[in-house]
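>>> sequence and computational prediction follow.
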Amino acid sequence: MNTNIKIKQALLIATAIVTVCFSTTCKKVDPLLPPTNINVKQEGETIRLTWKAGNNATGYKIYRSATGTDYAPLVNIPDCYYIDNLPLKGMNYYKITSSAFRGEVESLESGYVTCNFIILPILTTLSPAIFDNSVTLGGNISSAGAPPYTERGVCWSTSGTPTTADNKKQVSGTGKGDYTTTVSDLDLYQIYYVRAYAINAEGTAYGNSVSFTIYRNVTINGVRWANRNVDKPGSFAAKPESAGMFYQWNHKIGWSSTDPMVNSNGGTTWNSSNPSGSTWEKASDPSPAGYRVPTKSEIESLLNTNKVSRAWKTYNGVNGYVFTDKNNGNAIFLPAAGYRNGSGTLQSGGGYWSSTAYYPGYLVSVWNLYLYSGSAYLSDNDMTYGFSVRPVAE
């Protein structure tokens, strides 16, 4: 090859190199910019982050720390928002970077952003379980709060909205779920209100208010009898000798024990129709919580003269029978409070319903305890009669 050809080839290569280098170094490239307008907001038990897009960003990386140092990568996302469904308990420090094929750029607008994640516990109050002279109270915690609660328990008072400044009892434990405790030495026949509570750094959370009353049950021949008649549905009469209200069988509407006749709903028209069913249904039982209408066999246990004695007595000016357990000496007084016949007319003596139909296939008559000055015995009467209810503990 001659000298002229070599020179021409060298010039062509140099021109190509110059052209490539020139075009590369002169190409304008837009810079990758960080996200701006970063906003952090707590929403219930989550934290929402939003920001304005960074120029040329194809995605964003979010980092989180509990101390403001030692950030750990949390997530890579293409959007300009993120919901942290599992935030740290306490402080949450975040930083956000724009990312692209050229790398990533940290936000310079506000540096690190924080959200102090604090929320009250969430709980409800359990229904009280009433026993002789005591009650079991408790709550159910569905969310322990953030940070988690450090104390939980129950508080009670005679007002409708008790707080921990009233009477309270702490219950040990952590986490979610039920907890219970037993409270005793409360006044009998007093209406109390109870609320579950849990305390964390945010404050004190309370459950719903639930009322209860402690009544002294009396065990006679193995059956735990209430010592008062049922008054309005769900409540007891004021005293052991009080008549309470009369009830038609398998109905939850009470009728006055004196005239003028009026029922617990304010009505004055007697119901002369027979109810359905062969036993007193739970939904129609007027007994207070934790009690029910006694069965025929439970009334028979009260009339068992081998184990229970009975005597006609006058108690605070009211006539009735005292039934006494021969073994333990426990006694209850059943007033001869009268009753209403099938047309609603007041009658003397006293009748107490059982929950048992007289004959399952003959749904007109029902077993009941009947008493007057000469005797107390098991009888049957029409379902439309209005008798007293002396419940037994469940």
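Thanks, I have it.

>>> contacts and neighbour counts: CA atoms only from here.
Will do.

>>> looking at the sheet around Val183, what are its partners?
Val183 has the following beta-bridge partners by DSSP bridges: Val135.

>>> and the pLDDT for it?
At Val183, the predicted lDDT confidence score is 93.

>>> pretty sure it is touching Val135, no?
Yes. At 5.5 Å, Val183 and Val135 qualify as touching, with contact defined as C-alpha atoms under 8 Å.

>>> residue contacts, the residue nearest to the spatial centre of the chain?
Among the residues of the chain, the one closest to the centroid is Thr124, at 4.0 Å (C-alpha atoms, centre = their mean). Contacts here follow C-alpha atoms under 8 Å, 6 or more residues apart in numbering; on that basis Thr124 touches Gly139, Asn140, Ile141, Arg195, Ala196, Tyr206, Gly207, Asn208.

>>> swap in Thr125?
Gly138, Gly139, Asn140, Val194, Arg195, Ala196, Gly207, Asn208, Ser209, Val210.

>>> could you count how many residues lie near the third one?
Meaning Asn140. Residues near Asn140, counting by other C-alpha atoms under 10 Å, number 18.

>>> quick one: average pLDDT of stretch 279-297?
Stretch 279-297 shows a mean pLDDT of 94.

>>> what distance separates that stretch from the centre of its chain?
Put simply, stretch 279-297 sits 24 Å off its chain's centre (C-alpha atoms, centre = their mean, to the nearest Å).

>>> how about residues contacting it?
Here stretch 279-297 makes contact (C-alpha under 8 Å, 6+ apart) with 129-130, 230, 232-236, 249-253, 353-357, 367-368, 389-394.

>>> so what's the residue count around the residue lying closest to Ala129 once chain neighbours are set aside?
Nearest residue to Ala129, sequence neighbours excluded (C-alpha to C-alpha, 6 or more residues apart in numbering): Thr136, at 5.0 Å. Residues within reach of Thr136, counting by other C-alpha under 10 Å, total 15.

>>> gap between Thr136 and Val223?
21 Å (C-alpha to C-alpha, to the nearest Å).

>>> what's the answer for Tyr321, then?
Taking C-alpha to C-alpha, one finds Tyr321 at 17 Å from Val223.

>>> would JSON lines of the contacts of Thr124 with distance to Lys169, secondary structure and pLDDT be doable?
Shown next, in JSON lines, are the contacts of Thr124 (distance: C-alpha to C-alpha, whole Å; DSSP: H, G, I helix; E, B strand; the rest coil; pLDDT from 0 to 100):
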{"residue": "Gly139", "distance to Lys169": "12", "secondary structure": "strand", "pLDDT": "97"}
{"residue": "Asn140", "distance to Lys169": "15", "secondary structure": "strand", "pLDDT": "97"}
{"residue": "Ile141", "distance to Lys169": "16", "secondary structure": "strand", "pLDDT": "97"}
{"residue": "Arg195", "distance to Lys169": "11", "secondary structure": "strand", "pLDDT": "98"}
{"residue": "Ala196", "distance to Lys169": "10", "secondary structure": "strand", "pLDDT": "98"}
{"residue": "Tyr206", "distance to Lys169": "14", "secondary structure": "strand", "pLDDT": "97"}
{"residue": "Gly207", "distance to Lys169": "15", "secondary structure": "coil", "pLDDT": "97"}
{"residue": "Asn208", "distance to Lys169": "17", "secondary structure": "coil", "pLDDT": "96"}
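
>>> one step back: pLDDT wise, what is the residue nearest to Ala129 at?
Reading off the model, Thr136 has pLDDT 93.

>>> and for Thr124?
For Thr124, the predicted pLDDT is 97.

>>> doesn't Ser98 make contact with Pro31?
No. Using C-alpha under 8 Å, Pro31 is not in contact with Ser98, being 11.2 Å away.

>>> all helices of the stretch 151-300 of the chain, in order?
Under the criterion DSSP state H, counting those that start in this stretch, the stretch 151-300 of the chain contains helices at 296-302.

>>> that should have said the stretch 1-150 of the chain, apologies.
3-26.

>>> so where do the strands sit in it?
36-43, 46-52, 59-65, 72-77, 81-84, 90-100, 103-106, 113-117, 122-125, 129-131, 134-143 (DSSP state E, counting those that start in this stretch).

>>> now the longest one: mean pLDDT?
On average, the pLDDT along strand 90-100 is 86.

>>> and for the fourth one?
Average pLDDT, strand 72-77: 92.

>>> what lines up beside it in the sheet?
Strand 72-77 has these strand partners (DSSP bridges): strand 59-65 (antiparallel).

>>> now do the same for Thr268: its pLDDT.
At Thr268, the model reports a pLDDT of 97.

>>> relative to Thr182, how far out is it?
When Thr268 is compared with Thr182 (using C-alpha to C-alpha), they lie 43 Å apart.

>>> between the two ends of stretch 325-342, what distance do you get?
Using C-alpha to C-alpha, the end-to-end distance of stretch 325-342 comes out at 34 Å.

>>> for Gly177, give the beta-bridge partners.
With DSSP bridges as the rule, Gly177 is bridged to Ile141.

>>> fine by me, thanks again.
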